[in-house]
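Colleague: I'd like to go over a predicted model; first the sequence, then the structure.
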Amino acid sequence: VFAEDHLFWVEHWLHTIWFAKIRELGRLLVNTGMLDEVDDIFMFNRYEVPEILTEVVTAWALGVDVPMRSSYYKAKAEKRKKILEAARKWNPTPALGVPPEEIAEPFTVMLWGVTTDKVQEWLKGMGEVSLEDVSELKGFASSAGFAEGPARVLKSLGEIMDLQSGEILVCPCTNPSWAPVFGKIKGAVTDIGGLTCHAAIVCREYGLPSVTGTGVATSVIKTGDIIRIEGDTGVVTIVEKAG
């Protein structure tokens, strides 16, 4: 059964409550001297958190101000944050493994925009061409129309406050959490997505042009670049590079 509000209940409402509660625990661990920052608790898995709580309870039982192994867990949190930061700067290959000769499964094609031709592009890929030299991208013509203007590259939802009215959104993909941006932008370009992905559907509702499933838009386009998107042909052109 399809429910329009599935994401609200399962993703947004539930996860908001869950993250709020976990951060309460994080504040407790900071107050006891176990961790340095509230969000450091997210650096540990579900097996490690009980170990950390045991350290805190043991310190309380012994009347110790700071848990004895706090320095160990603080160092582990810092190391893992550095690993995540390095991962954010890494540009992975578009796909891993041996692809099938033909991709015909509708969900993969329509929602994610992964087609036989697209995979072949990835394989011969833009690895032979420096991303700095790319001035034109091809994706799905997922919402008709034409727009030209400054690009705003957002790699995550946490960056949407940087978006300015009249900019063209360039992002990996969107979901209902991105809803507020569509009233401000002139169009959208995504790395991932087909004709029925979230960005494509919402752009059609708003009458905005969009090109989805480009594969590398967020790596090629920079914030401030003047770009042209042609929603009828699926072509994105960098008219002028920023700076």
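Modeller: Cool, got the structure.
Colleague: Kindly export the longest strand along the chain (C-alpha atoms) in CSV.
Modeller: For the chain, the strand with the greatest residue count under DSSP state E is strand 146-153. Taking Å, rounded to 0.1, in the frame of the first residue of the first chain, the C-alpha atoms of strand 146-153 are listed here in CSV:
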residue,chain,number,x,y,z
PHE,A,146,15.0,26.4,-19.8
ALA,A,147,17.0,28.3,-17.1
GLU,A,148,20.3,30.1,-16.8
GLY,A,149,21.8,31.5,-13.7
PRO,A,150,24.3,31.0,-10.8
ALA,A,151,24.7,27.4,-9.5
ARG,A,152,24.5,26.5,-5.9
VAL,A,153,26.1,23.2,-5.1
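Colleague: Show me what the helix or strand following it pairs with in its sheet, parallel or antiparallel.
Modeller: Counting by DSSP states H and E, the element after strand 146-153 in chain order, helix or strand, is strand 168-171. Under the criterion DSSP bridges, strand 168-171 sits next to strand 146-153 (parallel), strand 187-190 (parallel) in its sheet.
Colleague: and among these, the most buried is which?
Modeller: With neighbours defined as mean count of other C-beta atoms under 10 Å, the strands paired with strand 168-171 peak in mean count at strand 187-190, which reaches a mean of 29. C-beta coordinates here come from the backbone N, C-alpha and C atoms, glycine included.
Colleague: ok, back up a step: compare the strands paired with strand 168-171 and give me the one nearest residue 29.
Modeller: strand 146-153 (34.9 Å; C-beta to C-beta).
Colleague: these two touch, right, residue 175 and residue 197?
Modeller: No - in this structure, residue 175 is not within contact of residue 197 by C-beta atoms under 8 Å, at 9.3 Å.
Colleague: where along the chain do the strands fall?
Modeller: 136-138, 140-143, 146-153, 168-171, 187-190, 210-212, 226-230, 235-240.
Colleague: can you put those in TSV and add mean pLDDT and distance to residue 53?
Modeller: Shown next, in TSV, are the strands of the chain (pLDDT from 0 to 100; distance: least, C-beta to C-beta, whole Å):
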stretch	mean pLDDT	distance to residue 53
strand 136-138	93	49
strand 140-143	95	48
strand 146-153	97	40
strand 168-171	98	38
strand 187-190	98	41
strand 210-212	97	44
strand 226-230	97	50
strand 235-240	96	50
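Colleague: Would you format those strands as a markdown table with distance to residue 68 included?
Modeller: Below are those laid out as a markdown table (distance: least, C-beta to C-beta, whole Å):
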| stretch | distance to residue 68 |
| --- | --- |
| strand 136-138 | 55 |
| strand 140-143 | 57 |
| strand 146-153 | 45 |
| strand 168-171 | 45 |
| strand 187-190 | 49 |
| strand 210-212 | 53 |
| strand 226-230 | 56 |
| strand 235-240 | 56 |
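Colleague: Identify whichever of those strands lies nearest to residue 32.
Modeller: strand 168-171 (39.0 Å).
Colleague: Show me the contact partners of the closest one.
Modeller: 147, 149-155, 163, 178, 181, 185-191, 199, 217-218, 221, 227, 229 (C-beta atoms under 8 Å, 6 or more residues apart in numbering).
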